[in-house]
Structures are given as structure tokens and as C-alpha cells.
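> What shape does this take:
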Amino acid sequence: MGIFDKLFGKKEQRETLDEGLKKTKTGFLEKISKAIAGKSTVDEEVLDDIENALVSADVGVDTTVKIIDKIEARVAKDKYINTSELNTILKEEISSVLVDSPAATSYDHYNLPKGHTPHVILVVGVNGVGKTTTIGKLAHNFSQAGKSVLLGAADTFRAAAVDQLTIWSERANVPIVKHGMGADPGAVAFDTVQSGIAKKSDVILIDTAGRLHNKAHLMEELSKIKRSIQKIMPDAPHEVILVLDGSTGQNALEQARHFTAATEVTALAITKLDGTAKGGVVLAIADQFKIPVKFIGVGEKATDLLVFDKKEFVDSLFDIAG
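Residues are numbered from 1 along each chain as shown. Just a heads-up that it's a prediction; the model follows:
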């Protein structure tokens, strides 16, 4: 088994996922088990208990109501559903709220979409959510998958952000474009893409400032960066990935609301799911904003940043042995 298989093998990813979701699924499955204990049919009391289990996992009230309504409709239609069928129905309805990415297979083993080179990814999110660390992990994983990577340090308002990204560039052994503290972020983004084209890089990852003073300021800053990139590569950025801290629960929803209003977010990366029992927030965010989750962070190692697979996620959530 080569390093590629060790990093991206299905078995290893599933083990990492199971371990990372342990806190969420332990509480969630315990509540589900109590809800159906001694019951022969899915009645109103069972549905109330399932609703409580979903809300406590931070699935969110709106998304929870949607799931419960669908289960109620199925119970009414089929007249008699026993509790042994409930897990299957729950898994199906939970899966249904997760948005399929139009390029769901493009990141299998960190492959990239065809048709353009380099593939430019703009990464956004507030300070403290693990944005710069996520970029570093992506750089490592793309590099290990045989892709040439270039980093752009366009968060020029925090010296720590540039320093942190520089450390990740050294760890991943990938080049970085950076200017001085307080430099124009648009200029950094422009120079990064220009350098990536010259180097024939496969993928460019550009960090951005994590300030969230107000939507107007955020929109102006991100729009300027995008315009700078498009001066040299008109169809870029090809993706805008919003990084959210899963452990903050409903606060992550509020951040998603700000960023989706400020820029066209195309995918989500949800971090720190291993440290929380509220991993259900993945469902709430995907459902409310209809944006596909592309990556989830379930640990400190670079290989703990997983390509999101909704079937594997839901299966793991219901796997008590995992």
C-alpha cells in the first residue's frame, strides 16, 4: 500500500470519520435508542423523542421539523411502520437534506475538475474557525495526491495569518506568495494567480481576511479580490469555499448567512467536528443554504480533513460500533 492509499483509502477515511463523529453520534444514538425502546410502532411520542435528539445534535429547528414532517408523512402513508424500520427511514430523510455537489466526485482522492489550469480556490471565513489551517491541510493533501500547489497569503491584516500559512507551506513543501503586513489583498491575489499560471500550478489556494464588521465591507473586500484575480484569469475563482467551525453550532449558521450574502459561496468546509456533540449542524447549514459540504475536519492531522461523502457521513452517524 502506497502513501496515496494510506492517505485516501476508503477504509482509512471511514475509520477517521467514525472516530471524529464519536461525540455527536454517541449522544444522538442514545436518544434514538431511548425513543424506540419497548415500542412496536412509530407513534407521536417516538417522533417527539426523535425531534429532541435531532435538535440536541444541533440539526436546527427548521431542518428538524422538515425531517420529522417527512417521517410523519411516510408513517401516515404506510399506516404501519415498526421501529426496526425507523433507522432506515431516518437515514434516508437525513440524507435528503444534504445537498449533492455538482462536482461530487471531483475531489475523490483530491482529483481536480478538468477544463482549466490552474484551479483557483478562494477560501473565506471569520478568524478562529480554522480557515488558514484548513488551507494548509488542503495544500498537504493536494500535494500528496500529486498535484502542484501554490498558496496565496491575501489575509494581510493579521501578521499571524501570513506566518501561519508560511509554516503550512513549509510543512507541505509548497510555494507561497506573500506581501508585507497591510499590503493590498487584491494585489496579493493577482500576483498569486500570475505566479501560478507561470509555474503551471495545478491548484491555487488563496487565504482571505477573516474580519466580519459588516456585510458591506466584507462584500467590497471580497469583490475586489475577485476582480483582481479576473484581470488575469477571467473565469476564476473556480470555487469559493466558506470555512465554518462546526463546534459553534448555530453561530456557524449566522456566519454562513453573512458570507453567502456577501459573495457567491460554492462549497463549505466544516471544521472541528471531532470536539463537539453538535455535528448535526452540518445538516442545518447544508439544508438552509443549499450549498454542498465539500470537506469536513475531524481532527488535527492534515489527513483528518476529509472529502465529504454524505452517504458515509449518515452511515457513520448511525453506526454505534464505529
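> contacts and neighbour counts: CA atoms only from here.
Fine.
> what about the helices in the stretch 151-300 of the chain?
Along the stretch 151-300 of the chain, counting by DSSP state H, counting those that start in this stretch, helices occupy 159-172, 185-199, 215-232, 250-262, 281-289.
> now the angle from the third one to helix 250-262?
Compare the direction of helix 215-232 with that of helix 250-262 by axes from the mean of the first three to the mean of the last three C-alpha atoms, to 10 degrees and you get 50 degrees.
> still on that earlier bit, out of the helices of the stretch 151-300 of the chain, which one sits most buried?
Most buried of these by mean neighbour count (mean count of other C-alpha atoms under 10 Å) is helix 281-289; its value is a mean of 23.
> Kindly calculate the angle that that one makes with helix 250-262.
Relative orientation of helix 281-289 versus helix 250-262 (the same axes, to 10 degrees): 30 degrees.
> give me the beta-bridge partners of Ala267?
Beta-bridge pairing for Ala267 (DSSP bridges): Ile241.
> just checking, it touches Lys294?
Yes. The criterion here is C-alpha atoms under 8 Å, and Ala267 meets it with Lys294 at 5.9 Å.
> who has more neighbours, those two?
Between Ala267 and Lys294, Lys294 has the larger neighbour count (other C-alpha atoms under 10 Å), namely 22 against 19.
> Just give the number of residues close to the closest residue to that one other than its chain neighbours.
Spatial nearest neighbour of Lys294, chain neighbours left out: Phe308 (5.1 Å); criterion: C-alpha to C-alpha, 6 or more residues apart in numbering. Residues lying near Phe308 (other C-alpha under 10 Å) number 22.
> Look up phi and psi at Phe308.
According to degrees, to the nearest 10, the main-chain angles of Phe308 amount to phi -70, psi 130.
> what about the stretch 201-322 of the chain, any weak spots by pLDDT?
By pLDDT under 70, the weakly predicted segments of the stretch 201-322 of the chain are 212-216, 320-322.
> From the centroid of the chain, which residue is nearest?
In the chain, the C-alpha nearest the mean C-alpha coordinate belongs to Ala269, at 2.1 Å (C-alpha atoms, centre = their mean).
> hang on, it packs against Val293?
Yes. Counting by C-alpha under 8 Å, Ala269 touches Val293, with 6.1 Å between them.
> Contact partners for the residue nearest to Lys294?
Val293, Lys294, Phe295, Ile296 (C-alpha atoms under 8 Å, 6 or more residues apart in numbering).
> tell me which of the residues you listed is nearest to Lys226?
Comparing the contacts of Phe308 against Lys226 with C-alpha to C-alpha places Lys294 closest, at 21.0 Å.
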